[in-house]
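>>> make a model of this:
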Amino acid sequence: MLIKTSVTEVQVYRAGATVMRTGKAPLTAGRNVLYIAGMTQSADSGSFRLKFPGKVRAINLQVVGIDDLKEDVTKESEKVKKDIADLEYQIETNRLMLKLRQQNANCSGRKNVTLEEQERMMEALPEQLLSIHREIDRLEEEKKKLEENLEDIEKDEDQPVILAELQAEEAGEVPFILQYQEQASFWAPKYEVQYTDDRSPLEVRMKAEIVQRSGEDWKQVKVSLYTGNPSASNEIPTMSSLQLTLVEPPKLRTRAKGVGMMAMRAAEDGCAIDEECVEDAAFGAAPSAMMMNSLKMEAAEMSEEETMKAFLLPNARDIISDTEGNIADLQSFTVKANYHVLTIPSVDTHSYLTAEIKAADWPLPPADAAIYLGDTFAGNVYVDPTQDTDLLTLSLGQDERLTVSRTEKPKQRQDAFLKNERREVSATEIRIVNTSSEAVKVLVKDQVPVSTDKAIEVEVSNISDGIRDEESGEVCWELSAEPDTPVSLQIEYKVSWPKDKQLHTRRTAMRTKHRFCPNCGCVVTGKFCPECGSAVPANEK
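Just a heads-up that it's a prediction; the model follows:
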């Protein structure tokens with residue numbers, strides 16, 4: 001006997017889902033052989049579990065195909081095909097009747113038909129023909145529906161079936177549960193971050209995008225979302241030995257002949273430039289006009305499981321297969337933030353409104369966040385509270401209240417003959433103008449070069465009371481820009497190096513050391529993969 005089941009509950013993980021289906025099995029006392037349908041092609045066939053009341057025991061359980069069913073189990077598709085054939089016969093019969101009615105209406109060759117009989121036949125003919133046409137239309141429509149159902153039925157019959165040989169103590173219709181792991185399903189967190197003003201905390205809404213591609217629509221099911229990933233490796237990491245070795249320093253190569261005129265002049269001046277392309281700061285996309293949808297759904301109920309968090313969605317819902325995703329509200333909270341406008345004019349003269357928050361105040365997993373300034377969409381950023389940092393800096397979009405310029409004065413070079421060295425003096429001015437009507441809190445970043453050789457000396461003479469990082473050379477200013485009051489910041493420094501040496505200037509790009517998830521290959525910046533939730537160890541140094 002083939003028993004059908006329906007999905008009643010799903011537990012969706014960052015990768016995969018646990019599907020629970022229910023059904024009723026008519027059992028006789030003693031031995032019973034059932035064929036239970038419901039599993040999909042994308043399901044893990046080795047993960048199924050059947051749950052029956054205590055008075056029912058399993059003798060044999062295995063996964064088979066529809067073609068392996070015994071002869072006493074008739075395929076539903078065969079029944080539907082027979083019904084379609086019957087309808088085709090009825091349609092053909094009605095069309096034949098229609099043709100006969102039309103032929104009988106021609107009384108020109110009949111001598112034994114009176115004029116009155118002909119008139120009665122002609123009066124009844126339209127109604128008869130209309131009735132037959134309506135019957136043909138009804139049969140065609142019924143046939144069309146059966147053909148559409150046949151496609152779904154044949155698709156279902158291609159799915160695996162569970163052969164269950166059971167022993168029941170007593171007869172009766174017994175409810176049961178079929179549970180298995182669905183591989184073609186996942187959910188991903190999404191955030192909405194709303195900024196109101198500099199005195200208010202950030203308002204954060206965590207949403208979930210639920211996707212399933214099982215080929216079956218889950219209609220009105222109970223949905224729970226788990227932050228973990230059951231498909232992630234459970235192996236305990238091992239620690240490799242730490243080894244030390246010596247390497248030969250690279251030998252200096254002689255300059256090739258035929259260098260260009262510019263390179264010759266640079267060699268004569270004692271300064272050669274090898275400058276790499278510096279990436280723009282990752283401040284997010286430019287703002288675009290878009291009104292935020294203020295409609296809110298009921299939030300999910302969160303619980304702490306043994307190894308992960310769970311979100312129980314409040315209402316039964318439809319999770320349609322092969323769509324862009326079902327959106328659900330999970331949690332809302334506020335987080336305190338320190339706001340300022342950031343500008344790094346050596347890279348980009350634009351300014352960006354930023355929020356600095358404590359990583360511990362963001363209790364949710366890494367995900368993309370849509371930023372809203374009031375009701376205006378300002379772009380997307382990636383929030384990763386699992387990074388090895390205490391503070392997170394979020395870009396809230398480009399800020400047009402400031403006009404920033406950076407001017408480098410011509411470098412002055414001179415030779416110190418007594419010390420046998422060359423000196424180069426550099427001066428830069430940063431100018432900031434606040435074009436708004438209110439004071440703006442600004443964080444300005446620039447830099448001075450850093451020596452990697454004892455023979456090269458960098459002497460900083462003026463940084464306008466900025467804070468300098470000796471290791472990286474970064475200079476920071478925190479200031480308040482008043483309306484229509486220009487702010488001028490000066491950077492002046494002197495570089496000295498041996499006259500018989502060539503100064504090599506190299507600007508290195510500040511790039512994040514990417515790590516990749518061993519499970520799905522996604523780029524990882526924190527402790528966990530943003531795509532599948534797997535734990536990813538840090539890079540070895």
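>>> which helix or strand contains residue 130?
For residue 130, the element it lies in under DSSP states H and E is helix 115-157.
>>> helix or strand next in line after that helix, which one?
Counting by DSSP H and E, what follows helix 115-157 is strand 161-168.
>>> residues of that following strand that come out buried?
161, 162, 163, 164, 166, 168 (16 or more other C-beta atoms under 10 Å). Using the backbone N, CA and C atoms, a C-beta is placed for each residue, glycine as well.
>>> does the third one really touch residue 39, like I thought?
No: the pair residue 163 / residue 39 is not scored as a contact, 12.0 Å apart, by C-beta atoms under 8 Å.
>>> what about residue 467, distance to residue 405?
Counting by C-beta to C-beta, to the nearest Å, the gap from residue 467 to residue 405 is 22 Å.
>>> what score does the most centrally placed residue in the chain have for pLDDT?
Among the residues of the chain, the one closest to the centroid is residue 188, at 5.3 Å (C-alpha atoms, centre = their mean). Note for residue 188: predicted pLDDT of 89.
>>> wasn't it part of a helix?
No: using DSSP: H, G, I helix; E, B strand; the rest coil, the assignment for residue 188 is strand, not a helix.
>>> torsion angles phi and psi at the closest residue to it other than its chain neighbours?
What sits nearest to residue 188 in space, not counting adjacent residues and going by C-beta to C-beta, 6 or more residues apart in numbering, is residue 209, at 5.0 Å. Per-residue torsions, residue 209: phi -100, psi 110 (degrees, to the nearest 10).
>>> and residue 209, bridged to which residues?
In this entry, residue 209 is beta-bridged to residue 188, residue 327, by DSSP bridges.
>>> that older thread, quick one, what contacts the residue nearest to the centre of the chain?
14, 208, 209, 211, 325, 367, 531 (C-beta atoms under 8 Å, 6 or more residues apart in numbering).
>>> quick check: the third one touching residue 185?
In other words, residue 209. No: counting by C-beta under 8 Å, residue 209 sits too far from residue 185 to count as a contact (11.8 Å).
>>> who has more neighbours, these two?
residue 185 (25 against 16; other C-beta atoms under 10 Å).
>>> quick one: the more buried one from residue 368, how far?
In terms of C-beta to C-beta, residue 185 sits 20 Å off from residue 368.
>>> all helices for this structure, in order.
76-104, 115-157, 261-269 (DSSP state H).
>>> so where's the stretch 151-300 of the chain shaky on pLDDT?
Residue ranges of the stretch 151-300 of the chain with pLDDT under 70: 154, 156, 230-297.
>>> do you have the strands of it handy? List them.
With DSSP state E, counting those that start in this stretch, the ranges of strands along the stretch 151-300 of the chain come out as 161-168, 172-182, 185-195, 202-212, 218-226, 271-273.
>>> would you map the strands across the stretch 401-541 of the chain?
Under DSSP E, counting those that start in this stretch, the stretch 401-541 of the chain gives strands at 402-408, 412-416, 421-434, 440-447, 457-462, 467-468, 474-481, 487-498, 503-505, 515-516, 523-524.
>>> quick one: low-confidence parts of the stretch 401-541 of the chain?
In the stretch 401-541 of the chain, residues with pLDDT under 70: 417-418, 507-541.
>>> out of the buried residues of strand 161-168, who's nearest residue 215?
Distance to residue 215 across these (C-beta to C-beta) is lowest for residue 161, with 15.8 Å.
>>> list the beta-bridge partners for that closest one.
residue 64.
>>> and it, how far from residue 21?
13 Å.
>>> likewise residue 401?
Applying C-beta to C-beta to residue 401 and residue 21 gives a distance of 58 Å.
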